[in-house]
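1. predicted model follows, preceded by the sequence.
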Amino acid sequence: GESVGLHLPTLSVQEGDNSIINCAYSNSASDYFIWYKQESGKGPQFIIDIRSNMDKRQGQRVTVLLNKTVKHLSLQIAATQPGDSAVYFCAENTRGSNYKLTFGKGTLLTVNP
Amino acid sequence: SAVISQKPSRDICQRGTSLTIQCQVDSQVTMMFWYRQQPGQSLTLIATANQGSEATYESGFVIDKFPISRPNLTFSTLTVSNMSPEDSSIYLCSVNLQGWNTEAFFGQGTRLTVV
């Protein structure tokens, strides 16, 4: 079936740098996207979301970009901090999918002090 | 938001036995979900727990292996039956409060090791 995937399984950055985590999705009917952060031993934590009628959304230190033409999603983290070290998942939902989320593979972000 | 509590947080079980995982939510919710996260992997939906009716299972998951109860709008259980080492995973409970295009909230997960 269609799925959501990630380009990079690991990303290592220096503290203070900006991080970019990418996600490709294959379901052209996807119309809602979420980024989750999962720290070791914890459940996924919501970071930011975006609907398909938007191409950019900003939060505190985070920005999500959506390119529907190439079915690509990215999460940008500004001034990355050691506390940002975690696994990041993109997830998608589709109207009519009965609220079910499909998750991408995940990217491990490591922030070096 | 929602506060979701799962019990147990972790367990080590013998193969062939069963484990029941509990999920308690601090508010009434219609949509509850159970996910599995195998070591180093992403989350895979097991089933949607429907209040007042049988759970809806995803492809590859069956009721005999993963029976689910949903006795009310704040509670659900997932049982992992006749366990084998391949069932070693993190099992996560999730709820959606407001609709298909809003975020889902997750419990902290139950880390299961089958020996």
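-> Looks like it came in fine.
2. which residue packs closest to A:Arg61, ignoring adjacent ones?
-> Computed as C-beta to C-beta, 6 or more residues apart in numbering or on different chains, the closest residue to A:Arg61 that is not its neighbour in sequence is A:Ala78, at 4.7 Å. C-beta coordinates here come from the backbone N, C-alpha and C atoms, glycine included.
3. ok, A:Lys56 - contacts?
-> A:Ile50, A:Thr63, A:Val64, A:Leu65, A:Leu66 (C-beta atoms under 8 Å, 6 or more residues apart in numbering or on different chains).
4. let's go with 10 Å and repeat that
-> For A:Lys56, the contact set (C-beta atoms under 10 Å, 6 or more residues apart in numbering or on different chains) comprises A:Ile50, A:Thr63, A:Val64, A:Leu65, A:Leu66, A:Asn67, A:Gln76.
5. burial of the residue nearest to A:Arg61, as a residue count?
-> Counted with other C-beta atoms under 10 Å in any protein chain shown, the neighbours of A:Ala78 add up to 14.
6. isn't it up against A:Asp17?
-> Yes - in this structure A:Ala78 lies within contact range of A:Asp17 using C-beta atoms under 10 Å: 9.3 Å.
7. so what's residue 110 bridging to?
-> Picked chain A for this. A:Thr110 has these beta-bridge partners by DSSP bridges: A:Ser12.
8. that's the wrong chain, I wanted chain B
-> Going by DSSP bridges, B:Thr110 forms beta bridges with B:Tyr91.
9. list the contacts of it.
-> Going by C-beta under 10 Å, 6+ apart, the list of residues near B:Thr110 reads A:43, B:6-11, B:19, B:21-23, B:78, B:80, B:89-93.
10. are any of those residues buried, and which?
-> A:43, B:6, B:19, B:21-23, B:78, B:80, B:89-93 (16 or more other C-beta atoms under 10 Å in any protein chain shown).
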